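Q: coords below, sequence missing:
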């Protein structure tokens, strides 16, 4: 059995979220202890993808982990090392920003609608049929327009869940 009583950082964010992706993973591990990481990830990903209330805690968890890495690296850098490693640090920060942007875009545009189609490939009428958060997207275009060609990632992120 996994110990979930002592958590800090991103794990604490997940533990205190309204819906907890960490607890779901723990249930999956306990329910199938012989499963490998890829199989567990596939099951976990399906659950998270199908439950809009889990997206925010997953994004918050990822953001907190990335921010912790950035903060830790900044604290470790000495003034002398910083001047020598400034180009590498700038490159690393750019990479962190790219990864953060990729995490958000991958999760939102690759959401699967109940019809089985990815959001990016779905038409606005498909979103209207799906309801919930997708119904808000449905109002952003004509029924036969494709979401991925009409709506940007930033616009999707701005839509409240």
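A: Perfect, thanks for sending it. For clarity, every value in this text was computed on a predicted model and none was experimentally measured.
Q: Taking the centroid of this structure, which residue is nearest it?
A: For the chain, residue 59 is the residue whose C-alpha lies nearest the centre (Cα atoms, centre = their mean; 3.8 Å).
Q: Look up how far residue 139 lies from that residue.
A: For residue 59, the distance to residue 139 (Cβ to Cβ, to the nearest Å) stands at 23 Å. (Glycine included, C-beta is placed from N, CA and C.)
Q: Sketch out the low-pLDDT regions of the chain for me.
A: Low-confidence segments of the chain, defined by pLDDT under 70: 1-18, 78-85, 102-107.
Q: domain assignment for it?
A: Taking automatic domain parsing as the domain assignment, the ranges for the chain are 1-109, 113-161.
Q: Of the ones you listed, which stretch is the most buried?
A: The highest mean neighbour count among the domains of the chain, using mean count of other Cβ atoms under 10 Å, belongs to domain 113-161: a mean of 15.
Q: If we ignore the residues flanking it in sequence, what's nearest residue 112?
A: Once flanking residues are discounted, residue 112 sits nearest to residue 49: 5.6 Å by Cβ to Cβ, 6 or more residues apart in numbering.
Q: which element follows the helix or strand hosting the one you found toward the C-terminus?
A: In this assignment (DSSP states H and E), residue 49 forms part of helix 37-50. Under the assignment DSSP H and E, the closest C-terminal helix or strand after helix 37-50 is helix 52-76.
Q: how far is that next one from where the chain is centred?
A: Helix 52-76 sits 10 Å away from the centroid of its parent chain (Cα atoms, centre = their mean, to the nearest Å).
Q: re the thing from before, between the helix holding residue 49 and helix 52-76, how many degrees?
A: 120 degrees (axes from the mean of the first three to the mean of the last three Cα atoms, to 10 degrees).
Q: which helices and strands does helix 37-50 pack with?
A: Packing partners of helix 37-50 (3 or more Cβ pairs under 8 Å, 6 or more residues apart in numbering; DSSP states H and E): helix 21-31, helix 52-76.
Q: Mind giving me the packing neighbours of the first one?
A: Based on contacts counted as 3+ Cβ pairs under 8 Å, 6+ apart, the elements that helix 21-31 packs against are helix 10-16, helix 37-50, helix 52-76.
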